[in-house]
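*Asks:* All I have is the shape, not the residue letters:
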């Protein structure tokens, strides 16, 4: 149907325009009747089907989410295994590289050796500062025994 019929004055139409618009109107009404009959012929669907469809969709989304989490966990484990394998290979390589590695270290041990004479030991370095000291040994603190020592 032409929309122009709604915006013009019907008193200005001649017979041919009026007949043409009437034909278009009748044709439009037949088409609307066919559309309504087609809609009426549709079977009614229960809303339960849509609810069930929505539940199935949500279940599928949940399963996909769980799968995604499992894949993420597997990837983390694979990364850790790769890092452990790399560290193991590095340790094996270090074992091969340093298999002939020998390290020598000199350890100095201080021993007090009994002697027939007195010697003065330094309190800082534990070395003999004065060998064959003629002072008598003392265990008294502040005895001023070193005041008679020629080395002091």
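*Replies:* Everything's here; your move. What you see is a predicted model, and the numbers here were worked out from it, not measured in a lab.

*Asks:* Could you use CA atoms for every contact and neighbour count after this?
*Replies:* Will do.

*Asks:* element containing residue 129?
*Replies:* Here residue 129, judged by DSSP states H and E, is contained in strand 128-133.

*Asks:* what's the answer for residue 101, then?
*Replies:* Here residue 101 is covered by no helix or strand, with elements defined by DSSP H and E.

*Asks:* For it, give its distance to residue 95.
*Replies:* Distance check for residue 101 against residue 95: by Cα to Cα, to the nearest Å, it reads 10 Å.

*Asks:* now do residue 10
*Replies:* As defined by Cα to Cα, residue 10 lies at a distance of 106 Å from residue 95.

*Asks:* now swap in residue 27 and tell me
*Replies:* When distance is defined by Cα to Cα, residue 27 is 95 Å away from residue 95.

*Asks:* try residue 29
*Replies:* In this view, residue 29 and residue 95 are 94 Å apart by Cα to Cα.

*Asks:* quick check: domain ranges of this protein?
*Replies:* Domains of the chain are assigned by automatic domain parsing as 3-41, 45-87, 118-148.

*Asks:* Now do the first one: distance to the chain's middle.
*Replies:* Looking back up the chat, that one is domain 3-41. Averaged C-alpha coordinates place domain 3-41 at 68 Å from its chain's average position (Cα atoms, centre = their mean, to the nearest Å).

*Asks:* Likewise for the longest one?
*Replies:* When distances are taken as Cα atoms, centre = their mean, domain 45-87 is centred 18 Å away from the chain's centroid.
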